[in-house]
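# sequence? don't have it. structure:
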Ligand code: DGJ
């Protein structure tokens, strides 16, 4: 008896001691959290039709890099951070998988997200999380198993032959509510786990929509398609029709299915986003895949009339207003710009560069010089896809000029894919905050080389900046590069002072006043350190007599000009 009560005493003492230890640990953790100074929540600011992502109270430029689809797991992260550092990225775009996050309905597993936060901080990296949930490239492949096995409750789109397609139905209320609940849990967790604001934005879904089908043909969808177009869509699209209570076909004719499906997907995602934003108001965006019909947009902007494909069901590049009306909690519709040619690339940027839409390029491939096209469209950031050392590159780099691939580090195999972006990021990285600020103030312009265009002119009031491509002698004329690879940014610091940087080009200035000529007062080469221009040397003589030459090395110049 004695023995029994002694062991009972011991057991309860142990329990008490354990309880005390847990309380102590919790207090220590809470104290540590309280010691982390809570920073302002990142937000999108708008001024005079331009945008900035405000991070820690000031404009931030996203030098982004998106990892491969399956690289968001803790076991793979050792192959992620070195790639980010090699590239000079400041922000990693990494997926959060719904199937991992909610393995059993209503039970959320925060361990992977927490690992991302901890490791990103240890590598001084910010994050953009990609919520791979109902839609991933138009498919439901990241839905948790408990959903995949219950397609009656979480149905797929029904195709025009009445068969289920490999795409989730936007009319599935149970799927939408489950997604909204999980997304809210994620955002609520970030709110408490991330006072440092390591996470800057969240992408809601990934290239949503439906591949291979124009829309859902389920009975519910049919009923809605043949029913009246909602008033907010009519207003957003500025649609005029004399039909009373017009249906989608009446209003949009041959574009009816595109508009209808975009509306349905936007409504769904709008509700998921609103729920998450109510928990934690980070900027949210949806990534669109121009050139496919599985998404927030659009026909191929460069080939809008190509027959025999989606592009011959015009137009789809007019649906952004539907998204703005149906999903107001989504701050940006952002193009995955994989156009391989300059015309297509720029056309895509043009479409999304709207007063009501900040430009952000969340996925891209092709030539690194396209960075300057995006910068010229006042982008808040740029993020090439497939940037890690897992050797799972899926983007062919055929679009990249050979010379860009022949950097010395290209010979090291896996780095070859990432290397072409490194010099551009190395150039911008030390002055990324200044670039974002100058962009927001409307003082920064950028151009990139286009086939057959040897010279471009950038107007700055009393001065025109001229950018010519190719390296040539001090006298003579520009010849263009063997393949287009040049790019330049010019920012006006004062009336007669400019910040100039670029690659494979020559920049000069020309007074717009007639009969005046330019002279360089001072051309300073420098580097940025914590946003401060650190003077290295004055360039003169052969280095400036023909203009300001930029080669393969990152070079930043502060240039003062005068007329004579
Ligand atoms: C675009 C998608 O958004 C990415 O997740 C990835 O699948 C790439 N395409 C691969 O090409």
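Received the coordinates, thanks. Since this is a predicted model, take the numbers as computed values, not measurements. Numbering: from 1, shown residues only.

# For the residue in the stretch 101-250 of the chain positioned nearest to the ligand, give me the pLDDT.
With CB to the nearest ligand atom, the shortest gap between the stretch 101-250 of the chain and the ligand falls at residue 207, namely 4.5 Å. In short, each C-beta sits where N, CA and C put it, glycine included. On pLDDT, residue 207 comes in at 91.

# and residue 536, that's in a strand?
Yes: under DSSP: H, G, I helix; E, B strand; the rest coil, residue 536 falls within a strand.

# Okay, strands next: where are they in the stretch 251-400 of the chain?
Assigned by DSSP state E, counting those that start in this stretch, the stretch 251-400 of the chain shows strands spanning 284-288, 332-337, 361-364, 381-384.

# quick one, the first one and strand 332-337 angle?
Think strand 284-288. Strand 284-288 runs at 30 degrees relative to strand 332-337, counting by axes from the mean of the first three to the mean of the last three CA atoms, to 10 degrees.

# for strand 284-288, packing partners?
Under the contact definition 3 or more CB pairs under 8 Å, 6 or more residues apart in numbering; DSSP states H and E, strand 284-288 sits against strand 199-206, helix 256-279, strand 332-337, strand 361-364.

# The ones you listed into CSV, with extra columns for mean neighbour count?
CSV is the format used below for the helices and strands packed on strand 284-288 (neighbours: other CB atoms under 10 Å):
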stretch, mean neighbour count
strand 199-206, 26
helix 256-279, 23
strand 332-337, 27
strand 361-364, 26
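
# would you list these in a markdown table and tack on distance to residue 246?
Output for the helices and strands packed on strand 284-288, formatted as a markdown table (distance: least, CB to CB, whole Å):
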| stretch | distance to residue 246 |
| --- | --- |
| strand 199-206 | 30 |
| helix 256-279 | 10 |
| strand 332-337 | 26 |
| strand 361-364 | 35 |
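
# Comparing the ones you listed by mean pLDDT, which bottoms out?
Set side by side, these give their lowest mean pLDDT on strand 332-337, at a mean of 92.

# quick one: that one near the ligand?
Yes: using CB under 6 Å from any ligand atom, strand 332-337 reaches the ligand at residue 336.

# in its sheet, what does that strand sit against?
Taking DSSP bridges as the criterion, strand 332-337 forms sheet pairs with strand 284-288 (parallel), strand 361-364 (parallel).

# would CSV of these with distance to residue 467 be doable?
Output for those, formatted as CSV (distance: least, CB to CB, whole Å):
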stretch, distance to residue 467
strand 284-288, 30
strand 361-364, 21
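
# what's the closest of those to residue 483?
strand 361-364 (18.3 Å; CB to CB).

# contacting residues around the closest one?
64, 66, 93, 128, 203, 285, 287, 334-338, 349, 370, 374, 379, 381-385 (CB atoms under 8 Å, 6 or more residues apart in numbering).

# hmm, back to that, which one of the strands of the stretch 251-400 of the chain lies closest to residue 55?
That would be, of the strands of the stretch 251-400 of the chain and by CB to CB, strand 381-384, which comes in at 10.8 Å.

# Find me the pLDDT at the residue of the stretch 401-550 of the chain found nearest the ligand, would you?
Nearest to the ligand, among the residues of the stretch 401-550 of the chain, is residue 417, at 12.9 Å (CB to the nearest ligand atom). In this model, residue 417 is scored at 78, pLDDT.

# cool, residue 6 as well?
At residue 6, pLDDT is 41.

# do residue 526 as well
Residue 526 is assigned 97 on the pLDDT scale.

# next one: residue 36
pLDDT, residue 36: 84.

# That one and residue 194 touch, don't they?
No: applying CB atoms under 8 Å as the test, residue 36 and residue 194 come out as separate, 9.3 Å apart.

# Give me the more crowded residue out of the two.
residue 194 (22 against 10; other CB atoms under 10 Å).

# coming back round to it: CSV for the strands paired with strand 332-337, including distance to the ligand?
Below are the strands paired with strand 332-337 laid out as CSV (distance: least, CB to the nearest ligand atom, whole Å):
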stretch, distance to the ligand
strand 284-288, 6
strand 361-364, 6
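
# List the buried residues for stretch 186-193?
Using 16 or more other CB atoms under 10 Å as the test for burial, stretch 186-193 gives 186, 187, 189, 190, 193.

# ok, now stretch 353-363?
Neighbour count says stretch 353-363 has 353, 357, 358, 359, 360, 361, 362, 363 buried, by 16+ other CB under 10 Å.

# Then stretch 172-191?
Neighbour-count burial for stretch 172-191, with 16+ other CB under 10 Å as criterion, is recorded at 172, 175-176, 178-187, 189-190.

# Kindly report the same for stretch 446-457.
By neighbour count on 16+ other CB under 10 Å, the buried set for stretch 446-457 is 446, 447, 448, 449, 450, 456.

# Restricted to strands, list the residues you listed.
Using DSSP state E, 446, 447, 448, 456 are the members of the buried residues of stretch 446-457 that sit in strands.

# Pull the contacting residues for the last one.
The one in question is residue 456. Contacts for residue 456 (CB under 8 Å, 6+ apart) come out as 447, 466, 467.

# Please apply the same query to the second one.
The neighbourhood of residue 447, defined by CB under 8 Å, 6+ apart, consists of 372, 373, 376, 456, 458, 467, 487, 488.

# Where do the helices of the stretch 401-550 of the chain begin and end?
Taking DSSP state H, counting those that start in this stretch as the criterion, the stretch 401-550 of the chain contains helices spanning 402-405, 422-428, 432-440.

# Looking at these, which is nearest to residue 325?
The nearest among the helices of the stretch 401-550 of the chain, by CB to CB, is helix 432-440 at 26.5 Å.

# could you say what helices and strands the closest one packs with?
Packing contacts for helix 432-440, counted by 3+ CB pairs under 8 Å, 6+ apart, involve strand 50-55, strand 58-60, strand 487-494.

# can you list the residues that contact that helix?
Residues outside helix 432-440 that contact it (CB under 8 Å, 6+ apart) are 45, 47, 50-53, 58-61, 63, 90, 375, 378-380, 428, 444, 489, 491, 499, 528, 531.

# Find the centremost residue of the chain, please.
Nearest to the geometric centre of the chain sits residue 362, at 2.2 Å (CA atoms, centre = their mean).

# any idea how far the ligand is from residue 91?
Using CB to the nearest ligand atom, to the nearest Å, we find residue 91 at a distance of 17 Å from the ligand.

# And the pLDDT for that residue?
Note for residue 91: predicted pLDDT of 98.

# For beta bridges, what are the partners of it?
Listed by DSSP bridges, the beta-bridge partners for residue 91 are residue 64, residue 126.

# was I right about it contacting residue 123?
No: contact criterion CB under 8 Å: residue 91 and residue 123 do not qualify, at 11.3 Å.

# Which one of those two is surrounded by more residues?
In terms of neighbours (other CB under 10 Å), residue 91 is the more surrounded of residue 91 and residue 123; the figures are 28 against 14.

# tell me the contacts of the more buried one?
Taking CB under 8 Å, 6+ apart, we find residue 91 in contact with 62, 63, 64, 65, 125, 126, 127, 128, 200, 381, 383.
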